[in-house]
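**Student:** Quick one: sequence plus predicted model below, questions after.
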2 protein chains.
Amino acid sequence: MVRWEPGARERLQEAALDLYATKGFEETTVVEIAQAAGLTERTFFRYFADKREVIFAGQELFQKAFIDGVAGAPKDATPLETVASAVISAADFFGDDRRAYSRQRSTVISATPELQERELLKMAALATAIAAALDERGVTEPAATLSAESGVTVFRLAFGQWIAPGSTRSLIDLEREIFAELGALSAPTKS
Amino acid sequence: MVRWEPGARERLQEAALDLYATKGFEETTVVEIAQAAGLTERTFFRYFADKREVIFAGQELFQKAFIDGVAGAPKDATPLETVASAVISAADFFGDDRRAYSRQRSTVISATPELQERELLKMAALATAIAAALDERGVTEPAATLSAESGVTVFRLAFGQWIAPGSTRSLIDLEREIFAELGALSAPTKS
DNA sequence: ACAGCGATGACAGTGACTGACATAAAGGTG
DNA sequence: CACCTTTATGTCAGTCACTGTCATCGCTGT
């Protein structure tokens, strides 16, 4: 096996993120991305459904980790405990090495409503998949959806703190902390 | 005051929903919507930022009801109770008279990923606004966001049941029921 | 009558995205 | 090695969402 040459897909992804970060999403044309990758516009659209999707490709493994985490949770766990265990186990995907990349990517998304919409759609799909996995385990609605959505929200909050400037704690720690707060929400009023 | 003539904005909204429902969103062009309303494409874009937005215009009052509901909740309520009270009070917006319309609108949205994205963005904005209102009341993060997101999720689930075919119960009832399930989620494991 | 103003139309332009077809490189089969 | 098939890419034309600019039309107050 010779040295790894990045394929067209990888070159397009890198060029796109780079241009979105430097010029801005709207100011970047697909033609520019394609040229930067040494390809044509038409080829771009053979790899990615649209201009937004190039930022979100390759999250299937990460989403699969969530689902597997649900399936692998202890059988006697409550729905929320199940989701917590899945969310925490999926955090392995985000080690310190990915922090800088995640930061750049999130900065671009935060700056672009169009990309935020797409991210919300991905998260909604993730929540739906988690709810379905809970269903497999016998959790009924609406508990399944409620737990799944809560878990995704915790993940998003933890992820936001994880990539915050100056943050140095691990994603797992942050998730655990926020899950604890979630549990405290339904606690009786302190009197 | 003479008889009410629907203005350009209303005609566009009605024509758009009608066409989206009958022909489908992607198959409908903005020119068609404008023609159906007796206007031109250019005028459409003077009233709505894009082809999706025409379906979502006029939700400001409804979102305002949520925020006011948060501000008007009893001072000794927990964050989750506060949000529940807000969500429940905002349900007044959806009486039985709006059910048929809401159904048609939701059917169109469910059939169109592009519209789902926009709806998710609106819901995310609503959750952010609710969290900010909680902040005003002294609720700290991440409890504020967690509560707000939970409340919005409950609303979405209840709304989904409210417009389900054959459904006849009131939105408020459905919301109460699902909030109860949410509270039960963090209950100790039944042993 | 006229000046100003708000709503609309007309028109040209950009850029995302698609379908159809051509081409070229890579690999297997006789 | 000639041949065929597959796969990746380029080319081109076309549609449609969306924008900037300028013209026009009708109303309103003076």
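**Tutor:** Received it, and whenever you're ready, just let me know what you need.
**Student:** C-alpha from now on. contacts and neighbour counts both.
**Tutor:** Will do.
**Student:** Can you get me a residue count around A:Asp96?
**Tutor:** For A:Asp96, the count of nearby residues is 14 (other Cα atoms under 10 Å in any protein chain shown).
**Student:** List, one by one, the residues from chain A near chain B.
**Tutor:** A:77-80, A:116-118, A:120-121, A:142-143, A:146-147, A:149-150, A:153-154, A:157, A:178, A:181-183, A:185-186, A:189 (Cα under 8 Å from any Cα of the partner chain).
**Student:** Which members of those residues occur in helices, if any?
**Tutor:** Mapping these onto helices (DSSP state H) picks out A:79-80, A:116-118, A:120-121, A:143, A:146-147, A:149-150, A:153-154, A:157, A:178, A:181-183, A:185.
**Student:** Quick check: PyMOL command selecting the buried ones in these.
**Tutor:** Only the buried entries of those go into this PyMOL selection, using 16 or more other Cα atoms under 10 Å in any protein chain shown:
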select buried, chain A and resi 79+80+116+117+118+120+121+143+146+147+149+150+153+154+157+178+181+182+185
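**Student:** Against A:Ser89, how distant is A:Pro165?
**Tutor:** The gap separating A:Pro165 from A:Ser89 is 24 Å, by Cα to Cα, to the nearest Å.
**Student:** tell me the helices in chain A, going along the chain?
**Tutor:** So, for chain A - with DSSP H - the helices run A:8-23, A:30-36, A:41-47, A:60-71, A:79-90, A:99-110, A:113-136, A:143-162, A:171-185.
**Student:** Of these, which is nearest B:Gly24?
**Tutor:** Closest to B:Gly24 of those, according to Cα to Cα: helix A:113-136, at 20.1 Å.
**Student:** mind listing what's buried in the closest one?
**Tutor:** A:114-124, A:126-135.
**Student:** Which residues does stretch A:170-182 contact?
**Tutor:** A:84, A:87-88, A:91-92, A:94-96, A:154-155, A:157-159, A:161-162, B:142-143, B:146 (Cα atoms under 8 Å, 6 or more residues apart in numbering or on different chains).
**Student:** Those, buried ones only, as a PyMOL selection?
**Tutor:** Buried subset of these, written as a PyMOL selection, criterion 16+ other Cα under 10 Å:
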select buried, (chain A and resi 84+87+88+91+94+154+155+157+158+159+161+162) or (chain B and resi 142+143+146)
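**Student:** Go back to the contacts of stretch A:170-182 and keep what's next to DNA strand D.
**Tutor:** Among the contacts of stretch A:170-182, no residue lies close to DNA strand D (Cα under 7 Å from any atom of the strand).
**Student:** what stretches of chain A score poorly on pLDDT?
**Tutor:** A:1-5, A:187-191 (pLDDT under 70).
**Student:** got the residues of it near DNA strand C?
**Tutor:** Applying Cα under 7 Å from any atom of the strand, we find that chain A lies next to DNA strand C at A:26, A:28-31, A:42, A:45, A:49-52.
**Student:** Tabulate those residues (a markdown table), appending neighbour count.
**Tutor:** Shown next, in a markdown table, are the residues of chain A next to DNA strand C (neighbours: other Cα atoms under 10 Å in any protein chain shown):
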| residue | neighbour count |
| --- | --- |
| A:Glu26 | 10 |
| A:Thr28 | 16 |
| A:Thr29 | 15 |
| A:Val30 | 19 |
| A:Val31 | 14 |
| A:Arg42 | 11 |
| A:Phe45 | 15 |
| A:Ala49 | 11 |
| A:Asp50 | 12 |
| A:Lys51 | 18 |
| A:Arg52 | 18 |
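**Student:** Which of those residues sits closest to B:Arg9?
**Tutor:** Checking the residues of chain A next to DNA strand C against B:Arg9 by Cα to Cα gives A:Glu26 as the nearest, at 27.7 Å.
**Student:** so what's that closest one up against?
**Tutor:** A:Tyr20.
**Student:** And for the one 10 residues further on?
**Tutor:** Listed by Cα under 8 Å, 6+ apart, the contact partners of A:Ala36 are A:12, A:15.
**Student:** So the closest residue in space to A:Asp92 that isn't next to it in sequence versus A:Ala158, what's the distance?
**Tutor:** Spatially, and ignoring its direct neighbours in sequence, A:Asp92 is nearest to A:Ile172 (7.9 Å; Cα to Cα, 6 or more residues apart in numbering or on different chains). Distance check for A:Ile172 against A:Ala158: by Cα to Cα, it reads 8 Å.
**Student:** hang on, the earlier thing: of A:Pro165 and A:Ser89, which one has the most company?
**Tutor:** Neighbour comparison, A:Pro165 and A:Ser89: the larger count goes to A:Ser89, with 18 against 9 (by other Cα under 10 Å).
**Student:** what's the nearest residue to that one once chain neighbours are set aside in contact with, if anything?
**Tutor:** Nearest residue to A:Ser89 in three dimensions, chain neighbours excluded: A:Gly69, at 6.3 Å (Cα to Cα, 6+ apart). Counting by Cα under 8 Å, 6+ apart, A:Gly69 makes contact with A:83, A:85-87, A:89-90.
**Student:** Spell out which residues make up each domain of chain A.
**Tutor:** Annotated domains of chain A cover A:8-54, A:58-184 [automatic domain parsing].
**Student:** and the shortest one, does that touch DNA strand D?
**Tutor:** Think domain A:8-54. Yes - judged by Cα under 7 Å from any atom of the strand, domain A:8-54 comes into contact with DNA strand D at A:8, A:38-43, A:46.
**Student:** And these, which two are furthest apart?
**Tutor:** Longest span within the residues of domain A:8-54 next to DNA strand D, Cα to Cα: A:Gly38 and A:Arg46, 14.5 Å.
**Student:** what about the closest residue in space to A:Ala21 that isn't next to it in sequence, how many neighbours?
**Tutor:** Once flanking residues are discounted, A:Ala21 sits nearest to A:Val108: 5.8 Å by Cα to Cα, 6+ apart. Under the neighbour criterion other Cα under 10 Å, A:Val108 is assigned a count of 22.
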